[in-house]
Structure formats: structure tokens, C-alpha cells
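Q: Okay, sequence plus prediction incoming.
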Number of protein chains: 2
Amino acid sequence: MILEQFDESAAEKADAAMVVAPPSNFGMVDTGVYRSGFPDPASFGFLRGLGLRSVVYLCPEPYMETNAEFLKAEGIRLFQFGIEGNKHRTGCLVGCFRKLQNWCLSSVFEEYHRYAAGKSRLSDLKFIESFDVNCMTDCLLRLIYHYHGCLQKSKRLAYSER
Amino acid sequence: MILEQFDESAAEKADAAMVVAPPSNFGMVDTGVYRSGFPDPASFGFLRGLGLRSVVYLCPEPYMETNAEFLKAEGIRLFQFGIEGNKHRTGCLVGCFRKLQNWCLSSVFEEYHRYAAGKSRLSDLKFIESFDVNCMTDCLLRLIYHYHGCLQKSKRLAYSER
């Protein structure tokens, strides 16, 4: 009996050790794309399991040393695009991404509110609404043309014909 | 100029036709697994794009005819598990799934609240908290054993040793 109790206790300890803590406001945006608040070390174990290749950091402040070390150890690249102002930054970025995916605006806003909760801002909604998807699509096409065109001249003609 | 205006108008119409409307409370639970409120025909176009193979319907009421026809036309199988009572059913199911994924309870509850919004219920949280993951894991192992064991006798011994 004592052996059984010991086994159960060991199993419980093993289970407790397996528990993972996603960062605050964590969610899956699309296959292989996730969103979250700024993660603290408690969620490093969970993040490790996601097999991330890059992290996009949207604040203008320098990235925290502890987190930078974690990314380095895991071979994850950091991209910083510091957005100034009092914004729900991740919500704005995901909102613009949803517009690129052709989501109707009411669904984009519903998702924004779900993650922003009490921090919803009218200025963010206006920003998302005014985000010009066609302009972004053109920029992306230009980038593809630029890098692809350097390699294959025939593609330049294909783009000009568009 | 009139030609340009016509072109722009045609382009806008084409864009508008491409706009998709996800169902209410839509979200990605994991790769290939989605959650949402009950979808109306406006979101059928969006759902078509997800390439669904099955839908799990958690209400005890009969499934709506229009939606059943859509599923049939798309070759999507319907599984109904009618859960009685005043519950945020999808939130409870996803909560139990997160426990299977070893999420800590505070993260499970945070996600529950995000989707339940004003409809959060203490009884749901108690249900998720008391959900016995070990029991569920054992059930799954028994099922795997049952179906796999019928094919390979050696696996039965492996399971007994566990």
C-alpha cells in the first residue's frame, strides 16, 4: 500500500511538472501564428512547445534581457517594430491581418474587443477601419517583384502586364 | 475618367464579393480545430474555406435544416452531443481540452472568460476544475488498447506492463 501511495504521489508530482502556463491573452491567430501579451519566464516552457521561429515585438521600449536570452537559447529571431502611442498594439496588428484575410469589419471588431476587453479604444477601431488593404497588397507585390524579379527577368514582364 | 471610375467600382464590387463573415465568437483552438457560436448562412462562405471534415454540435435541440444541408453539400460530418442545462457549452468543452493539454487552470479560465464575456458562469468553472483528466486519459488509452489490441496481441502485453 505504501508503495502505491508513493507511486501516486510521484505521478502527481510528474503531472504537476508537466503543467504549462501560456502567457496572458494567448491565442492562435492562424496555423503557426500566435498572439499574446508580454510573456514572463513562467510561460517559457509553454512557448518552447510551440516551436516558434520568430517573435514580433511591438513596443518601442528595449526588449527585456531575460526574454532575449530565452529567444537566443531557443534560436528564435526577434523583430521589433516599436509602435508609439496608447494603443492595443497586437489587437491593431491582428485586425489589419484579418482585413488582409478579407474578414468583414464586424468580425474583425468582435475579435478585437474579445482580446482588448476593458482596454478597447475607439482610435484603434478607426485605425483598423482606415487601414488600406489594397495599398498593403501592392506593397507586398512590389516586394515579391523586387526580390523575385532580381532572380528571374521574365517575372518582371509578368508583373508589368498585370 | 468614366472608364476609371467604372473600373474602380467593379474592383470594389469584386472585393466586396470576396469579403467573408466568420460566425460569432469564432476562434482557432488548435491546428485544424475551431470554435464558434451557431453559424448562420452568412458565414457558410467563410466555413467553406476552412476545409472542415466534421462539426461537433453541443445543443440538445435538433440541428437546423439549412445548416444540415450545407454540411451535406460540403461532405462535413455532424456529431451531436446534446449537453443539457444552462451552460456555455463550447467554453466548457474547450476548457476540458486545455486541461488535457496540461494548461494551468488560471490560463484555462482566462480563455473561458474571453469567449464567454458576459455569459460566464461559476458552475462552468467548477465543472472544468473538477474535470478528471486522468480518467479521460485512461478512457482514451482503453479505446486505443481495444481497437489496437484487436489487431496486435503484443500491444496488450505492453499495456498490461504500464
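A: Looks like it arrived, so ask away. Residues are numbered from 1 along each chain as shown, chains lettered A, B, ... in the order given.

Q: On the three-state scheme, the closest residue to chain B within chain A is what?
A: Of all residues in chain A, residue A:28 sits closest to chain B, at 4.1 Å by CB to the nearest CB. For every residue, glycine as well, the C-beta is placed using N, CA and C. Judged by DSSP: H, G, I helix; E, B strand; the rest coil, the three-state class of residue A:28 is strand.

Q: Any figure for the gap between residue A:134 and residue B:124?
A: Distance, residue A:134 to residue B:124, by CB to CB, to the nearest Å: 43 Å.

Q: returning to what we had before: got the contact list for the closest residue in space to the residue of chain A closest to chain B that isn't next to it in sequence?
A: The shortest distance from residue A:28 to any non-neighbouring residue, by CB to CB, 6 or more residues apart in numbering or on different chains, is to residue B:28 (4.1 Å). Residues near residue B:28 by CB atoms under 8 Å, 6 or more residues apart in numbering or on different chains: A:27, A:28, A:29, A:30, A:31, B:34, B:35.

Q: surely the third one meets residue A:35?
A: Yes. Applying CB atoms under 8 Å, one finds residue A:29 in contact with residue A:35, separated by 5.3 Å.

Q: shared neighbours of these two, anything?
A: Taking CB under 8 Å, 6+ apart as the contact rule, residue A:29 and residue A:35 both touch residue A:94.

Q: mind checking how far the closest residue in space to residue A:76 that isn't next to it in sequence is from residue A:37?
A: Nearest in space to residue A:76, with sequence neighbours left out and distances taken as CB to CB, 6+ apart, is residue A:52 at 5.1 Å. Using CB to CB, we find residue A:52 at a distance of 16 Å from residue A:37.

Q: of these two, who's got more company?
A: residue A:52 (15 against 12; other CB atoms under 10 Å in any protein chain shown).

Q: so is that one in a helix, a strand, or just coil?
A: Following three-state DSSP, residue A:52 is assigned to coil.

Q: what pLDDT does it get?
A: We have a pLDDT of 97 for residue A:52.

Q: separation between it and residue A:34?
A: 8 Å.

Q: which helices and strands sit right next to the longest helix along chain A?
A: Counting residues, the longest helix found in chain A (DSSP state H) is helix A:133-151. With contacts taken as 3 or more CB pairs under 8 Å, 6 or more residues apart in numbering or on different chains; DSSP states H and E, helix A:133-151 sits against helix A:89-100, helix A:153-161.

Q: For the longest one, enumerate the helices and strands it packs against.
A: What it means is helix A:89-100. helix A:105-116, helix A:122-130, helix A:133-151.

Q: quick one, the last one and helix A:89-100 angle?
A: If I follow you right, that is helix A:133-151. Interaxial angle, helix A:133-151 versus helix A:89-100 (axes from the mean of the first three to the mean of the last three CA atoms, to 10 degrees): 80 degrees.

Q: same question, the second one
A: Orientation of helix A:122-130 against helix A:89-100 (the same axes, to 10 degrees) gives an angle of 20 degrees.

Q: List the buried residues for helix A:122-130?
A: Residues of helix A:122-130 classed as buried: A:124, A:125, A:127, A:128 (neighbour count, 16 or more other CB atoms under 10 Å in any protein chain shown).

Q: Return that helix as CSV; C-alpha atoms alone will do.
A: Taking Å, rounded to 0.1, in the frame of the first residue of the first chain, the C-alpha atoms of helix A:122-130 are listed here in CSV:
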residue,chain,number,x,y,z
LEU,A,122,-12.1,53.9,-30.4
SER,A,123,-9.0,55.2,-32.1
ASP,A,124,-7.8,51.6,-32.6
LEU,A,125,-11.1,50.7,-34.4
LYS,A,126,-10.7,53.8,-36.6
PHE,A,127,-7.1,52.8,-37.4
ILE,A,128,-8.2,49.3,-38.4
GLU,A,129,-11.1,50.6,-40.4
SER,A,130,-8.9,53.0,-42.3
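
Q: Cool, thanks, talk later.
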